[in-house]
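> model the structure of this input:
(one chain, ligands or ions: 1)
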Amino acid sequence: MDTAVLDAMRRRRSIRKFKDQDVGDEAVETLLEMAMYAPSRLNKRPWHFLVVRNPEVRRRIARELHVHSFLEGAPLLIAVAAKPEVSPTWLMDVSAAIQNMLLAAEAQGLGAVWVGAPGTAEWEPVETVLREMLAIPEEVRVVSLVAVGYPAQEVAPHDKDLHFDRTRVHYERWGNLRGLDMQDLQEEYLQHVRGKRGEAPKSVALEKEEDLAMAEAEEKIRVAPEVCAFVDDDHLTLTLEISLPGVEKDSINLRMHADSFALSAPRQGTNIEYVAAMAFCCPVKPEEAEAVYENGLLRVVVPFKDLMEDAVKIPVK
Ligand SMILES: Cc1cc2nc3c(=O)[nH]c(=O)nc-3n(C[C@H](O)[C@H](O)[C@H](O)COP(=O)(O)O)c2cc1C
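You can find the predicted model right below:
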């Protein structure tokens, strides 16, 4: 396996402080070459790139963006633009090109940061200034800027423990989480406890026993699980799907009334407790509810009550 690209992806971070050193034409051309290797729908390649070194333009844009004074310190700005008429996916296409450019910067020992996005309030005046100063035609949209230079700051590379979030990965269907073994859960929980104490995450083995003992003594952390409720086509049953990864079936405490349900379930090996409650739109028959827990998902199907079932005849005087 060639790991060079993977390493560049791990190392790539947003750089906002630059050395007073120009970026050579050759390096810039490589950035743009890589940008243009990006995928685009139907290979329409709707992008345009404006290479800006002019200090006056950089100053004006930096002023316009207020908080982004670091732009002034970047020796090079690349304004990324597109013609929306070329493709309805222009925004996605140029985003892929920008990401390629950021990785190409990393690979060449340069630092870069993606700045601005259309549709945000602070971007509109910047786009207007760029349009004016760089003679950009009406039919062209400026999507973002990429500030580039030699880095004058060190930012730690991305780290799997900190950034790879298994709860965002669903296998085969929503809510099916995998790979959350006991050690991961403990580690995740310890990070949470340390975060609450305001400590930076420590190295993995450090004070694990002690931390776990403290965690045990702490109050339970209540977490609201995802709950999805839907009615069948004939409006006869209500189905609830509740995402409860990592719990023991027998530890699920589910209670239901005609008009609501409440649930609690501890997540194994942690102090996390899932809690959920919901009021129903119409009364149900809880005594006929069926609940099945499988692959981290609790599915409850309950029939609606016939609305006239308990109707009382009122004598009319
Ligand atoms: C669409 C988009 C717009 C962004 N705009 C800005 C911006 O205006 N200013 C800025 O400092 N960073 C901006 N960023 C960079 C993000 O802040 C940065 O990527 C994020 O915090 C993650 O950090 P990392 O790039 O070091 O991994 C933007 C990123 C994206 C994808």
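> contact residues of this structure facing the ligand?
Arg13, Ser14, Arg16, His68, Val113, Trp114, Val115, Gly116, Ala117 (C-beta under 6 Å from any ligand atom). No exception for glycine: its C-beta is placed from N, CA and C like everyone else's.
> surely the fifth one meets Ser14?
Yes - counting by C-beta atoms under 8 Å, Ser14 is a contact partner of Val113 at 4.2 Å.
> the two: who's more crowded?
Val113 (21 against 12; other C-beta atoms under 10 Å).
> tell me if that one really is in a strand.
Yes - assessed by DSSP: H, G, I helix; E, B strand; the rest coil, Val113 belongs to a strand.
> before we move on, back to that, just give me the closest of the residues of the chain next to the ligand to Ala265.
Arg13 (38.4 Å; C-beta to C-beta).
> how many other residues sit next to the closest one?
For Arg13, using other C-beta under 10 Å, the count is 18.
> ok, it to His158 distance?
7 Å (C-beta to C-beta, to the nearest Å).
> that older thread, lowest-confidence entry in the residues of the chain next to the ligand?
Lowest pLDDT of these: His68, 74.
> ok, it touching Val115?
Yes - using C-beta under 8 Å, His68 is in contact with Val115, at 6.3 Å.
> measure the residue nearest the centre of the chain to Leu77 for me?
Among the residues of the chain, Arg168 comes closest to the average C-alpha position under C-alpha atoms, centre = their mean, at 8.4 Å. Going from Arg168 to Leu77 by C-beta to C-beta gives 33 Å.
> how about the helices in the stretch 101-250 of the chain?
Shown for the stretch 101-250 of the chain, the helices assigned by DSSP state H, counting those that start in this stretch span residues 123-133, 160-163, 182-196, 208-217.
> chain neighbours aside, what residue packs nearest to Leu32?
Nearest residue to Leu32, sequence neighbours excluded (C-beta to C-beta, 6 or more residues apart in numbering): Phe49, at 5.6 Å.
> kindly state the pLDDT recorded for that neighbour?
98.
> surely it forms part of a strand?
Yes - counting by three-state DSSP, one finds Phe49 located in a strand.
> can you count the residues close to it?
Phe49 sits with 19 neighbouring residues when counted by other C-beta under 10 Å.
> hmm, Ala82 and it touching each other?
No - the pair Phe49 / Ala82 is not scored as a contact, 10.1 Å apart, by C-beta under 8 Å.
> joint contacts of those two?
Common neighbours of Phe49 and Ala82, counting by C-beta atoms under 8 Å, 6 or more residues apart in numbering, are absent.
> run through the chain and note the low-pLDDT ranges.
For the chain, the stretches flagged by pLDDT under 70 are 67, 179-190, 192-219.
> please enumerate the strands of it.
47-52, 76-82, 111-115, 141-149, 221-223, 227-231, 237-243, 253-256, 260-266, 272-279, 290-294, 297-303 (DSSP state E).
> redo these as JSON lines? Include distance to Met92.
Below are the strands of the chain laid out as JSON lines (distance: least, C-beta to C-beta, whole Å):
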{"stretch": "strand 47-52", "distance to Met92": "11"}
{"stretch": "strand 76-82", "distance to Met92": "10"}
{"stretch": "strand 111-115", "distance to Met92": "14"}
{"stretch": "strand 141-149", "distance to Met92": "10"}
{"stretch": "strand 221-223", "distance to Met92": "33"}
{"stretch": "strand 227-231", "distance to Met92": "28"}
{"stretch": "strand 237-243", "distance to Met92": "29"}
{"stretch": "strand 253-256", "distance to Met92": "42"}
{"stretch": "strand 260-266", "distance to Met92": "39"}
{"stretch": "strand 272-279", "distance to Met92": "36"}
{"stretch": "strand 290-294", "distance to Met92": "36"}
{"stretch": "strand 297-303", "distance to Met92": "31"}
